[in-house]
Each structure stands twice: as C-alpha cells, then as structure tokens.
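1. need a 3D model of the following:
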Amino acid sequence: MLAAFALFTFETIATRMIGAEMPIAQLVLLRSVAQLAILLPFLLRAGPAVLRTSHPWLHGLRGGLTIAGLFAYFFSYAHLPMASAVSISFARNLFIVAFAALVLGEIVRWRRWSATIVGFVGVVIVMRPGAEEFSPAYLVAVAGAATGASITLTTRALARREAPVQIMAYIALICTAGTLLPGILAWEWPDARQAFWLAVIGIFGPAGQYVAIRAFRLGEASALAPVDYARLIFAVAAGYLVFAEVPDAWTVAGAAIIVCSTLYITIREARLARAARG
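-> Next comes the predicted model:
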C-alpha cells in the first residue's frame, strides 16, 4: 500500500506540473484510456460474459460518479497545495458516514456523528473561507471527497451483486466512453515537457491502482485503513521537495483534526464489524 501511495504521489506531482496549463478534460481522458489499456488483457481473457449484468443503472451511476471524481481530483490537485488537497480528500470517510445514515438509513451512533462533525470543522479550517487567498478549488476538493464517498457506497452495493472483474470492466469502459468527446474537443497537443508529465499520469496512476488492489488482496481492509494517512506524509514531503510548499498553521491544524476524526471513525467501524461477526 505504501508503494501505491508513492506511485499516486508521482501522479499528483505530474498533475501539479501541467494541470493548470492543459485542459482538465484531456487529463481525465488520458487517465481513463490508460486504465482501460491496463485492464484490457484481463477483459479479453474473461470474454463477453464479463459484461453480463443485472444492474446496468448502478454501474452507470458509479461510472458517472467516477468521471466527476476524476475531474475534481485533477482540478483540485492542479490548483491547491498538495498537503491541503490530500487533507481535504480524507473527508471522504466523513461523507461516507453521513451518506450511509441519511441516504441508506444505516444506524450511526452519537460517537461517530460527533467525530464526523468535528472532522468537517477540520475541513473548514483547512479551507479558511474568510482568508484573502481562498480558492474555489477548495470547494471542488470537497465535492471530490463527497463524490469519492458516493463511489465507495455504490461499490459496496455492487460488490454484493457483481464480480470484481465486472465492476472493473464497466468502470473502465464507462469512463473512457464518457470522457472521449470532451477530451477530444479540449485536446491540445503537448510539447516535450508536457508529454513527459502526461506519460507519468498515464503510467503511475493506473499502476498505483493495480498495486493498491494487490494490497487489499494480501491484507485485510481494516488493517490497511490506517496506512491511508501515510498519503499525507508523502504529499507534504513532495510539496516541500518539489514545489517548496510549507503547510501553514491552518493547514496543519485542520489536517490534524481531519486525520484524528477519520481515524477514530475507521477504528470504531472496525470494532463494530468485529462485534457483529463475533
């Protein structure tokens, strides 16, 4: 999982390098096509049967959410300091709790609700909306976290009904088809420097996804969940070494609150899951 985070960090560095000077639609298309290319050998081996499904609308919903999430991801990382963008991305776990309770009707006790509210306070601190340097990219990052939570919940619903290879096939095909037209319309031919960073995005992003999947196959999700916070360490290090970014006190304070809140929620949910099984 740490190797996956390292690969993702290189992808975010590449996004920061060219994200503000190239169309976001082009980056999303490239990422989608690269993911499909990596999955293509597995899909060909599985054959047409991989597309048989009884839940096309659920696949479509997840695909649409993924496209929206990719746009939010590339935009926020292109326009925000890396530490701020990663800190806000952890709000995904907060949205999962809220959506699970409000949309799916799951029972959420006061402890997790309290941790969720405190976590959102941390998000506001990172954004510091009253500051002169407030950027709309913060709102896009929050929307990306909410979209990520929705993707997680739809994936859970699909995982109970469909095989993993079906889920992966549909997400790759829908993302490529859905981003093809806007990506082509916005296409700008890159120079040599831009082409290099586009190649980094196309290779390191899907490679990170593959390594992360391998990690989940080797270890339990509950054991790997706390490791997710290493992403923040990678982001701070990359931001400092590559872009000379030093997180200010607001970002540090907000990030600490978000991490503590989401880590508590993760540990609490793991305990409840063990109690339900035992």
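2. identify the residue nearest the geometric centre of this protein.
-> With distances taken as C-alpha atoms, centre = their mean, residue 148 lies nearest the centre of the chain, 5.7 Å away.
3. now that one: how far from residue 43?
-> 24 Å (C-beta to C-beta, to the nearest Å). The way it works is simple: take the backbone N, C-alpha and C, and place the C-beta from them, glycine included.
4. next one: residue 14
-> Separation of residue 14 from residue 43 (C-beta to C-beta): 26 Å.
5. quick one: which of those two has more around it?
-> Using other C-beta atoms under 10 Å, the more surrounded residue of residue 14 and residue 43 is residue 14, with 23 against 17.
6. list the contacts for the more buried one?
-> Shown in contact with residue 14 (C-beta atoms under 8 Å, 6 or more residues apart in numbering): 197-198, 200-201, 204.
7. which one of the residues you listed sits closest to residue 9?
-> Closest approach to residue 9 among the contacts of residue 14 (C-beta to C-beta): residue 204, at 8.5 Å.
8. list the contacts for the closest one?
-> Residues in contact with residue 204, defined by C-beta under 8 Å, 6+ apart, are 7-8, 10-11, 14.
9. same thing but 7 Å
-> By C-beta atoms under 7 Å, 6 or more residues apart in numbering, the contact list for residue 204 reads 7, 10-11.
10. what helix or strand is it on?
-> helix 192-218 (DSSP states H and E).
11. try residue 251
-> Taking DSSP H and E as the definition, residue 251 sits inside helix 249-277.
12. counting by contacts, list what that helix packs against.
-> The contact analysis (3 or more C-beta pairs under 7 Å, 6 or more residues apart in numbering; DSSP states H and E) places helix 249-277 against helix 82-89, helix 91-102, helix 110-127.
13. quick one: the nearest residue to residue 17 once chain neighbours are set aside from residue 19, how far?
-> Distances taken as C-beta to C-beta, 6 or more residues apart in numbering put residue 197 closest to residue 17, at 4.7 Å, once the chain neighbours are dropped. According to C-beta to C-beta, residue 197 stands 9 Å off from residue 19.
14. what average pLDDT does the host helix or strand of residue 11 get?
-> Using DSSP H and E, residue 11 sits within helix 2-18. For helix 2-18, mean pLDDT rounds to 93.
15. stretch 202-221 now?
-> Averaging pLDDT along stretch 202-221 gives 81.
16. distance from the chain centre to that stretch, please.
-> In terms of C-alpha atoms, centre = their mean, to the nearest Å, the centre of stretch 202-221 is set 13 Å apart from its chain centre.
17. tell me which residues of that stretch come out buried.
-> 202-209, 211-212, 215 (16 or more other C-beta atoms under 10 Å).
18. select from the contacts of residue 14 the one having the most neighbours.
-> Busiest of the contacts of residue 14 [other C-beta under 10 Å] is residue 201, holding 24 neighbours.
19. low-confidence ranges, the stretch 1-150 of the chain, go.
-> 129-133 (pLDDT under 70).
20. from residue 35, how far off is residue 66?
-> 10 Å.
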